[in-house]
Each structure stands twice: as C-alpha cells, then as structure tokens.
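*Asks:* 3D model of this:
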Amino acid sequence: MMAGFSNLAVWTQETTSGFRQQAFVMFHATDADSAASILEEGFIISTGGNQMLGNGIYASTKWSKTLSYGDVVIKLLVYAGRVAKIDCQGHPMQKTWQKWYESAWVPPNCGMVQSGFTVSRLWSLLTSVEAASTCSCYRRTA
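*Replies:* Coordinates of the predicted model:
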C-alpha cells in the first residue's frame with residue numbers, strides 16, 4: 001500500500017485497519033473511434049511488452065499529460081485501490097505489480113518519464129472505474 005499516493009483525491013476514507021481509500025479525477029486520451037467504443041463497451045485492458053508499467057489502462061491526474069495520446073480525452077472517476085509506487089526503471093514490480101495491487105503510480109520527476117509528469121496505470125476496471133456513467137468525454141480543439 002502506498003500511504004501518500006496523492007493529495008489530489010476527490011474522496012478519501014481510512015478504514016478501521018488503517019488502509020486509506022482514495023478516488024481521483026483522472027484523464028485518458030485516445031482517438032474518436034476508441035473513445036466511442038470505450039463509452040459504449042468499456043475499457044479493454046491493453047497488453048504488450050512495450051508498455052512502461054505492463055498490462056492495464058493508462059490514466060493521469062494531469063489533463064496535459066494525456067494530450068499527446070489522442071484528440072479525445074475521457075474524464076474518469078477512479079478508485080485507485082492498493083497502489084504500487086514504481087519510482088525507477090527496472091523496479092522489481094515495474095511490470096508485475098498487478099499480482100498484488102490495483103494501480104501503479106510513477107511519481108513526478110523520478111526519472112521514469114522524460115516529461116517529469118506522474119503516470120498511473122490501472123489494472124482492474126471493477127475496482128478502478130466504477131461505471132461508464134463516471135466518464136465524460138471531451139474533444140480537443142486546435
């Protein structure tokens with residue numbers, strides 16, 4: 001568990017066992033066809049070896065971070081669950097965190113991302129995005 005995942009939570013609650021539950025407004029950018037599919041059918045967990053944090057769904061608390069990934073930005077309400085902090089290349093859990101955590105978090109300016117932005121990777125939509133009704137879609141204009 002990552003106790004201090006972020007101070008940007010829109011909802012926080014601590015359980016009687018001391019686990020901090022948090023929900024965040026996050027953004028995921030894609031093309032128009034994929035956005036329509038996401039809103040209609042839900043997210044599909046992306047897979048492949050080239051992904052910085054392995055399989056899952058990338059989202060960011062920073063709108064500006066997502067803009068290079070597509071011209072449609074989907075706004076999400078995300079329950080992060082247990083969060084793995086991945087703060088260096090070659091981290092022992094960089095691509096395997098899904099076995100123990102619901103989300104992975106790359107803190108800003110840790111050397112993992114050239115832009116210095118924070119990155120979050122979500123694993124299970126059942127614990128991450130409560131329902132399609134929590135999504136809003138925005139098309140970027142030039």
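*Asks:* looks like V72 contacts A29 (just checking).
*Replies:* Yes - assessed by C-beta atoms under 8 Å, V72 is found in contact with A29 at 6.7 Å. For every residue, glycine as well, the C-beta is placed using N, CA and C.
*Asks:* next, A32: phi, psi?
*Replies:* A32 has phi and psi values of phi -60, psi -40 when expressed as degrees, to the nearest 10.
*Asks:* next, count neighbours for it.
*Replies:* For A32, the count of nearby residues is 12 (other C-beta atoms under 10 Å).
*Asks:* same check on C88?
*Replies:* 11.
*Asks:* quick one: which helix or strand includes E40?
*Replies:* helix 32-41 (DSSP states H and E).
*Asks:* next helix or strand past that helix?
*Replies:* Heading C-terminal from helix 32-41, the first helix or strand you meet, by DSSP H and E, is strand 57-59.
*Asks:* elements contacting that next one?
*Replies:* Contact analysis of strand 57-59 by 3 or more C-beta pairs under 8 Å, 6 or more residues apart in numbering; DSSP states H and E lists strand 20-30, strand 119-122 as its packing neighbours.
*Asks:* now render those strands as TSV, adding mean neighbour count and mean pLDDT.
*Replies:* Output for the helices and strands packed on strand 57-59, formatted as TSV (neighbours: other C-beta atoms under 10 Å; pLDDT from 0 to 100):
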stretch	mean neighbour count	mean pLDDT
strand 20-30	20	84
strand 119-122	25	60
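*Asks:* switch those strands over to CSV; also include distance to D87.
*Replies:* CSV is the format used below for the helices and strands packed on strand 57-59 (distance: least, C-beta to C-beta, whole Å):
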stretch, distance to D87
strand 20-30, 19
strand 119-122, 11
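*Asks:* and the ones you listed: which comes nearest Q89?
*Replies:* For the helices and strands packed on strand 57-59, the distance to Q89 is smallest for strand 119-122, at 12.8 Å, taking C-beta to C-beta.
*Asks:* wait, doesn't L53 sit right on M93?
*Replies:* No - using C-beta under 8 Å, L53 is not in contact with M93; the gap is 9.3 Å.
*Asks:* overlap of the contact sets of those two?
*Replies:* Residues touching both L53 and M93 (C-beta atoms under 8 Å, 6 or more residues apart in numbering) are I86, A104.
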